[in-house]
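Model the following, please.
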Amino acid sequence: MNLDNLSREEFKILYGIEFLKNNDSKSLSGYLDISEEKAKKLLIDLEKQSIIEIEIREGKIYGSQLIGKAKKIFYSDKYLNFKVELGY
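Okay, here's the model as predicted:
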């Protein structure tokens, strides 16, 4: 994921985490209309790229949050059109 040039779908993941507080694999899977396993994989991949931090307990993702540059980009006006489309 290139944070300087996010696709709508990539931004939707960050939006789900940061704005909607869908920050676990179960709630994100419903929001993104994907399997919970795929949502878990996406969250783990984002953590490996230092875009989010996730909290895992007993093998389940209980939460996630944007970190560093991802948070700054989320709150910049660069992706305002995506935010408006998603109901920001």
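
going forward, measure contacts and count neighbours with C-alpha atoms only.
Will do.

Show me what the biggest helix by length in the chain packs onto, helices and strands only.
Ranked by residue count, the top helix of the chain under DSSP state H comes out as helix 36-48. In this structure, helix 36-48 packs against helix 25-32, strand 52-57, with contacts taken as 3 or more CA pairs under 8 Å, 6 or more residues apart in numbering; DSSP states H and E.

Report pLDDT for Ile73.
The model reports Ile73 with a pLDDT of 85.

Just give the number of residues close to the residue nearest to it when sequence neighbours are not counted.
Nearest residue to Ile73, sequence neighbours excluded (CA to CA, 6 or more residues apart in numbering): Leu3, at 7.3 Å. By other CA atoms under 10 Å, the residues close to Leu3 number 14.

Kindly indicate whether Leu3 is helix, strand or coil.
coil (DSSP: H, G, I helix; E, B strand; the rest coil).

do you know how far it is from Glu36?
24 Å (CA to CA, to the nearest Å).
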